[in-house]
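Q: Got a predicted model here, sequence first, then my questions.
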Amino acid sequence: MKSFLLVLTVGIFISSCNQAGPAHRPKPGDSAEIIKLLKAVYRWHDKNQASVTDFSIIVKDSFQVGVNYDSLNRTIDALKQTDYFSSAFIDNYKKLADIVNNKLTTANPKLLNEINFSFQDADPWTGFQDSEPDYWDKFMIKDYNAAADSAFLTWKLQTTDWASEPYTVRFSFENGKWRVAYLEGFDLKKY
């Protein structure tokens, strides 16, 4: 009888270990997790923006001639290491670099070393041209909408001196956690 109970217990344990599915299932109401992720992403960006460059451009003889792919690969590695971004975001980021590189390498005439892309005019992470301390703590969230495995929101910043444009962020539930899937400033349609 004892051996039967032992076999039954081991069998139940093994079958429960083989249950498919993530350890944490998303809930449409995971707004607290999503806002926590959003703030973490912007804190990370603010802390690392000097060392993690978006689309570093190669300049030769006053002309922009291509994207620095060594810098791009370091940035993509840094994005992956945060564990904040979905695979779709990383793929989109790489595609965007390829689009910019193609425009620069095929431009005729060559593009002067000036503002040729929106990421050179304003921070694509926020749309800001100037910095605002701890801006992620001042977000006004609107248009929040969540489903089982995706969510989106629009944030805006209002200070006593200025107001930002609305900025859309999308999230996906991937590998057991919420991740940023889209930031408006990296939309391929803008490039």
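A: The structure has been received and is ready for your questions.
Q: which parts of the helix or strand encompassing Asn73 are buried?
A: In the assignment (DSSP states H and E), Asn73 maps to helix 69-82. Under the neighbour-count criterion of 16 or more other Cβ atoms under 10 Å, helix 69-82 has Ser71, Leu72, Thr75, Ile76, Leu79 buried. Every residue, glycine included, has its C-beta placed from N, CA and C.
Q: per-residue pLDDT, the last one?
A: Per-residue confidence (pLDDT) for Leu79: 97.
Q: Please report how far it lies from Ser87.
A: 11 Å (Cβ to Cβ, to the nearest Å).
Q: Of the buried residues of helix 69-82, which is the nearest to Glu33?
A: For the buried residues of helix 69-82, the minimum distance to Glu33 (Cβ to Cβ) is 19.5 Å, reached by Leu79.
Q: Spell out the residue ranges of the helices in this structure.
A: Taking DSSP state H, the helices of the chain run over residues 2-17, 31-48, 69-82, 87-106.
Q: before we move on, back to that, tell me the two of the buried residues of helix 69-82 that are most distant?
A: For those, with distances taken as Cβ to Cβ, the pair at the greatest spread is Ser71 and Leu79 (12.7 Å).
Q: contacting residues around the closest residue to Leu79 other than its chain neighbours?
A: The shortest distance from Leu79 to any non-neighbouring residue, by Cβ to Cβ, 6 or more residues apart in numbering, is to Phe85 (5.2 Å). Going by Cβ atoms under 8 Å, 6 or more residues apart in numbering, Phe85 touches Val41, Leu79, Arg179, Val180, Ala181.
Q: And the furthest pair within those?
A: Leu79 and Ala181 (12.6 Å).
Q: shared neighbours, these two?
A: With Cβ under 8 Å, 6+ apart, Leu79 and Ala181 have common neighbours Phe85, Phe89.
Q: rewinding a little: who are the packing partners of the helix holding Asn73?
A: Applying 3 or more Cβ pairs under 8 Å, 6 or more residues apart in numbering; DSSP states H and E, one finds that helix 69-82 contacts helix 31-48, helix 87-106.
Q: With mean neighbour count as extra columns, can I get these in CSV?
A: Shown next, in CSV, are the helices and strands packed on helix 69-82 (neighbours: other Cβ atoms under 10 Å):
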stretch, mean neighbour count
helix 31-48, 16
helix 87-106, 16
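Q: Make CSV out of those and add distance to Trp125.
A: CSV is the format used below for those (distance: least, Cβ to Cβ, whole Å):
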stretch, distance to Trp125
helix 31-48, 5
helix 87-106, 12
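Q: As JSON lines, the ones you listed with distance to Asn145 and mean pLDDT would be great.
A: JSON lines is the format used below for the helices and strands packed on helix 69-82 (distance: least, Cβ to Cβ, whole Å; pLDDT from 0 to 100):
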{"stretch": "helix 31-48", "distance to Asn145": "10", "mean pLDDT": "95"}
{"stretch": "helix 87-106", "distance to Asn145": "18", "mean pLDDT": "94"}
